[in-house]
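1. sequence and predicted model, in that order:
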Amino acid sequence: MAAAVRTAPGPRGPGAPVLVADAVGKRFGGVQAVDGISLTMAPGERIGVIGPNGAGKTTLFKLLAGDELPTAGTVELFGQDVTRVGTARRARLGLGRTFQVSNLFRDMTVLDNVRVAARGGTPRARVFWRPQRPKDEISQRALASLESVGLSRRAQDTVADLSHGEQRQLEIAMALVTEPEILLLDEPAAGLSAVERSTLRRLIEELPRTLPILLIEHDMSLALGLTDRVMCMENGRHVVTGTPQEVRDNETVKAIYLGRRDKK
Amino acid sequence: MTRDRKVGLGAMALLLLALASYPYLGTSGYQVSIASTVLIAAILASTVNFLAADGGMASLGHGAIAGAAAYGAGWASLQGHSMATQIALAMVVGILVTTVYGVLSMRTNGIYFLMVTLALGMVVFGLAYRLSSVTRGENGITGIERPEVLAEPWAFYLFLVGCFAVTTAALWVVSRSPFGATLRGIRDSESRMRSLGYYVPAYKLGAFMISGTIASLAGLLAVWHTHFVSPSATELGRSVLLIVMVLLGGLGTTLGPLVGAAIVILVENVVSNSVERWPTVLGLIFILTILFARAGLVGSAAKVLRRRRRGTDAGEPDTAEPAGLTTTTTIP
């Protein structure tokens, strides 16, 4: 992958973890939203984070993406301590992400959305003396990214004309065009119909296996079907981590999701 | 080139031709003077339009930026400096004030941005009043001359038509550039832009600098037109009228600022001769426009034309929210 958006990468060795969260916590006033979560992602690994509403998944996502700063613990990205580093810098290090609540550029065309993403924070985005070029390298990359998520036929439509499922596809196209070295997906299936969910699932499955993916998802079956390892959270705390089968068979996880916790 | 683009460029060329021929149509010196005021106001309003429509930043400080530039030229004139120095000082003072505005406001948005620019505008107004050793306080600075070549009112007017064409074209190019697309991205979602690697405050500062530089030029042109600058040039009311001009003409439209400026200046200078309560007239025009043509006169006319071309005339008043002027109030 080209490293156009990168700045001074940290020490990376073969097999070195791409993302490490060490006992991260986040307190909002009297509420401990995330409490001492540790997580290590190996290159190419796909990890799912599941849990019921209010489990702290989205807060954990924000701590890893840089939207929120943790009140405890540390976060390392490609060997660099990014605990106090903002979102833009993390993106430049190679972190791509999607948003749970769609905040696409609604007045722009689909293609322009991806072009803005493709330019990232590079000097190309600072060109103010000539119009955007429809056939430059940025546009080609944007079109290729739209093609990869099956949205190329909607390139000239405005975002407001897209269905909810297509907007999710566009989210992923925008993340992919930045050529990320790790991808964080924040509840990508939220609000999708069964058909749209199936399209999205296929889309994520077809992403390059070398790309590490952290998938935060309320839908247990989707998360278990797409990942190598799954962590379950409840009330901001870690419950269990294991293979999808181990998590599926775990009695505590069953109790959390089905509400049949054994009383002792 | 798309058909819309061709129509737009053709309309602009016709408009410039009409503007340039105005002094030769038997118009009086007073009428040419009013038209000059309209063009200067249009240049200034277009800077507010650019910042609000593309960047989502509604400024209540651009009147003060232009006023500060006018004071720069006035002070240099008072000291007997050459015309080149007057021009340079006007631009330097205007750009310095713009930089202060930009640096202090680049981490804000929505209502916070509005309040920061309002507060800084009040500071400039206060300095214009109190720093009388430089500004001559309430009396202001008089006798500021423009270059000899522009001494004739018609020559100055034609120069203003040229300035309007150049600044409008410049802002049009910036708006359609990758930088302009970045600004619209920031306007729509700062958090997404940050997540894409954009250092958002730097782009907002850049937009403010472009806008403020042209506003400084408008301030210089204004002082060349009136030969006078006083604290009233920097007062809040001037900045508010700029936003009224933008909304009347149509936020995000190329010709909207000119139409808005024409309405406001004509009401202020012509209607006021026969109607004592001219601000009420202006207020009524504004309310009616917001109610029945929310995209502004130019914006709504363009929408109607587009609908007619598609053969789907909705026949309803246009009340759709224009892009820009975000009311999002993210805490800075």
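-> Okay, I see it. Numbering: from 1, shown residues only, chains lettered A, B, ... in the order given.
2. quick check, A:Val75 in a strand?
-> Yes - with DSSP: H, G, I helix; E, B strand; the rest coil as the criterion, A:Val75 is part of a strand.
3. near it, how many other residues are there?
-> For A:Val75, the neighbour count with other CB atoms under 10 Å in any protein chain shown is 23. The C-beta positions use only the backbone N, C-alpha and C, and glycine is treated the same way.
4. ok, it to A:Val239 distance?
-> Per CB to CB, to the nearest Å, A:Val75 is found 21 Å from A:Val239.
5. try A:Asp136
-> Taking CB to CB, one finds A:Asp136 at 49 Å from A:Val239.
6. neighbour-wise, which of these two wins?
-> Ranked by neighbour count (other CB under 10 Å), A:Asp136 and A:Val239 place A:Val239 first, with 18 against 13.
7. isn't that one right up against A:Thr252?
-> Yes - assessed by CB atoms under 8 Å, A:Val239 is found in contact with A:Thr252 at 5.7 Å.
8. okay, and the common contacts of these two?
-> A:Cys232 (CB atoms under 8 Å, 6 or more residues apart in numbering or on different chains).
9. now do the same contact list for the residue nearest to B:Val270 when sequence neighbours are not counted.
-> Leaving aside its chain neighbours, B:Val270 sits nearest to B:Ile34 (7.1 Å; criterion: CB to CB, 6 or more residues apart in numbering or on different chains). By CB under 8 Å, 6+ apart, the residues touching B:Ile34 are B:Ile265, B:Leu266, B:Asn269, B:Val270.
10. are we agreed that B:Ile34 is in a strand?
-> No - per three-state DSSP, B:Ile34 lies outside any strand segment and is helix.
11. ok, it to chain A distance?
-> To chain A, B:Ile34 is 34 Å away according to CB to the nearest CB, to the nearest Å.
12. which intervals of chain A have sub-threshold pLDDT?
-> Along chain A, the model assigns pLDDT under 70 to residues A:1-14, A:260-264.
13. now with 80?
-> A:1-15, A:101-102, A:121, A:134, A:258-264 (pLDDT under 80).
14. got a quick PyMOL command for the buried subset of the contacts of B:Ile34?
-> Per 16 or more other CB atoms under 10 Å in any protein chain shown, the buried members of those correspond to this PyMOL selection:
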select buried, chain B and resi 265+266
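15. export the contacts of B:Ile34 to a markdown table and tack on secondary structure?
-> Shown next, in a markdown table, are the contacts of B:Ile34 (three-state DSSP):
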| residue | secondary structure |
| --- | --- |
| B:Ile265 | helix |
| B:Leu266 | helix |
| B:Asn269 | helix |
| B:Val270 | helix |
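16. nearest to B:Leu251, of the contacts of B:Ile34?
-> Ranked by distance to B:Leu251 (CB to CB), the contacts of B:Ile34 are led by B:Ile265 at 18.9 Å.
17. which residues touch the closest one?
-> Here B:Ile265 is in contact with B:Ile34, B:Thr37, B:Val38, B:Ala41 (criterion: CB under 8 Å, 6+ apart).
18. try A:Glu171
-> A:Thr98, A:Phe99, A:Ser102, A:Leu104, A:Pro188.
19. which residue is nearest the middle of the chain?
-> I'll assume chain A. A centroid search over chain A (CA atoms, centre = their mean) returns A:Leu184, at 1.8 Å, as the residue closest to the centre.
20. you looked at the wrong chain, it should be chain B
-> Closest-to-mean residue, chain B, CA atoms, centre = their mean: B:Ala45 / 1.7 Å.
21. so how far is chain A from it?
-> On the measure of CB to the nearest CB, B:Ala45 and chain A end up 20 Å apart.
22. which helix or strand contains that residue?
-> When elements are assigned from DSSP states H and E, B:Ala45 belongs to helix B:29-55.
23. cool, A:Gly15 as well?
-> A:Gly15 belongs to no helix or strand, assigned by DSSP H and E.
24. didn't it look like it was pressed against A:Ala42?
-> Yes - counting by CB under 8 Å, A:Gly15 touches A:Ala42, with 7.0 Å between them.
25. mind checking which of these two has more residues around it?
-> A:Ala42 (14 against 8).
26. quick one: the more buried one from chain B, how far?
-> 24 Å.
27. what residues does the stretch 51-200 of chain B put near chain A?
-> B:173-174, B:176-182, B:184-185, B:188-189, B:191-200 (CB under 8 Å from any CB of the partner chain).
28. for the closest residue to chain B within the stretch 151-264 of chain A, what are its contacts?
-> In the stretch 151-264 of chain A, the residue that lies nearest chain B is A:Thr178 (6.3 Å; CB to the nearest CB). Contact analysis of A:Thr178 by CB under 8 Å, 6+ apart lists A:Val5, A:Ala91, A:Gly96, A:Ala117, A:Ala118, A:Gly120, B:Leu196, B:Gly197.
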